[in-house]
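> can't give you the sequence, but here's the structure:
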């Protein structure tokens, strides 16, 4: 196929093939890098969200709960004494400003049925319980939307037992609020749930695809400019000199011996023109000999 093309077309076809393979490589590498950048950004956001939540919980446990127990005695006030409740309440306040962010304190056996784990969350909790990982993070979908999720296990501590041992041991007001069928039977050291943050990635992925489109467009534009420049160079340095040699050779073959092969370059085409000029000289000598 290439053999039947002109030099100009042949070079253009070769460059077009190079462009296609280059674009595949650029898009592939660019997508991989942007995907990693998306994952890094999402991981930073989830880490910040989790850290802020845990800091609030630790503050409550260290500075609020000890004095509160002394002041309130047997008063049921979970918003300031139960870490999970405080965490969920704080997360809801944050979600008023950032509604797309989701924090869940989920468990297969929760007191509050709003915290009942999904099948996806149950698999993560089972992985924590089996010791497969100490922290889980990765991409997932939720209600048809893409999220980056980060989860840490909830391990039963000694302070959790007074709420989650049996309905008889728990505070009567808590039993009245949540019932006596779920959220009990915890033992110290058990993995009973997970704190998991979902950070949306649709916007980040859309931005990454926009960047990839700009990258592909920029590379295509540079290649187009390069093709135009190379095409001009080929026409001026190769096609035109060869066409001139062909034209002169045609005139000489018709007896116009006053023509000569003139080329402005010092490359292989110049060598070809010089060879034709020597052949022309030899041809003139041969014709003169025959005329004598």
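The structure has been received and is ready for your questions. Remember, predicted model here, so these are calculated numbers, not experimental data.
> could you list the domains of this protein?
Using automatic domain parsing, the domain parsing of the chain gives 2-18+209-291, 45-202.
> chain center to the first one, what's the gap?
It refers to domain 2-18+209-291. Taking CA atoms, centre = their mean, to the nearest Å, one finds domain 2-18+209-291 lying 46 Å from the centre of the chain it belongs to.
> mind putting the domains of the chain in TSV, distance to residue 24, mean neighbour count and mean pLDDT included?
Bear in mind the C-beta positions are built from the backbone N, C-alpha and C, glycine included. TSV is the format used below for these (distance: least, CB to CB, whole Å; neighbours: other CB atoms under 10 Å; pLDDT from 0 to 100):
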stretch	distance to residue 24	mean neighbour count	mean pLDDT
domain 2-18+209-291	10	13	81
domain 45-202	24	16	80
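> out of those domains, nearest to residue 37?
Within these, the stretch nearest residue 37 is domain 2-18+209-291; the backing value is 8.8 Å (CB to CB).
> what score does the residue positioned nearest the centre of the chain have for pLDDT?
Note on the chain: the residue nearest the mean C-alpha position is residue 35, at 1.2 Å, using CA atoms, centre = their mean. Per-residue confidence for residue 35 comes out at a pLDDT of 79.
> the one 3 residues further on now?
The per-residue pLDDT reported for residue 38 equals 76.
> that one: neighbour count?
Residue 38 has 19 neighbouring residues, counting by other CB atoms under 10 Å.
> where's it, which helix or strand?
In this structure, residue 38 is located in helix 7-59 according to DSSP states H and E.
> how about residue 196?
Element membership of residue 196, judged by DSSP H and E, is strand 191-200.
> what's that strand packed up against?
Contact here means 3 or more CB pairs under 8 Å, 6 or more residues apart in numbering; DSSP states H and E; on that basis strand 191-200 packs against helix 7-59, strand 102-106, helix 119-130, strand 136-142, strand 145-155.
> again, only this time at 10 Å
With contacts defined as 3 or more CB pairs under 10 Å, 6 or more residues apart in numbering; DSSP states H and E, the packing partners of strand 191-200 are helix 7-59, helix 83-97, strand 102-106, helix 119-130, strand 136-142, strand 145-155.
> how far away is the residue lying closest to residue 5 once chain neighbours are set aside from residue 34?
By the measure of CB to CB, 6 or more residues apart in numbering, the closest residue to residue 5 outside its immediate chain neighbours is residue 13, 6.9 Å from it. Using CB to CB, to the nearest Å, one gets 31 Å for the distance from residue 13 to residue 34.
> likewise for residue 242?
Taking CB to CB, one finds residue 242 at 46 Å from residue 34.
> same check, this time on residue 113
Using CB to CB, one obtains 40 Å as the distance from residue 113 to residue 34.
> compare the domains of the chain and give me the one nearest residue 29.
Among the domains of the chain, domain 2-18+209-291 comes nearest to residue 29, with 9.7 Å by CB to CB.
> before we move on, back to that, tell me which of the domains of the chain lies nearest to residue 27.
From these, taking CB to CB, the stretch that ends up closest is domain 2-18+209-291, at 5.9 Å.
> the helix or strand residue 234 falls within: how far from the chain's middle?
Remark: residue 234 resides in helix 202-234, with elements defined by DSSP H and E. Computed by CA atoms, centre = their mean, the chain-centroid distance of helix 202-234 equals 18 Å.
> next structured bit after that helix?
The helix or strand immediately downstream of helix 202-234 is helix 240-253, counting by DSSP H and E.
> and whatever helix or strand comes next after that next one, what other elements does it pack with?
Using DSSP H and E, the next helix or strand after helix 240-253 towards the C-terminus is helix 268-291. Helix 268-291 is packed against helix 240-253, with contacts defined by 3+ CB pairs under 10 Å, 6+ apart.
> next, the angle helix 7-59 makes with the helix it packs on.
170 degrees (axes from the mean of the first three to the mean of the last three CA atoms, to 10 degrees).
> which helices and strands does the helix holding residue 234 pack with?
Contacts defined by 3+ CB pairs under 10 Å, 6+ apart place helix 202-234 against helix 7-59, strand 145-155.
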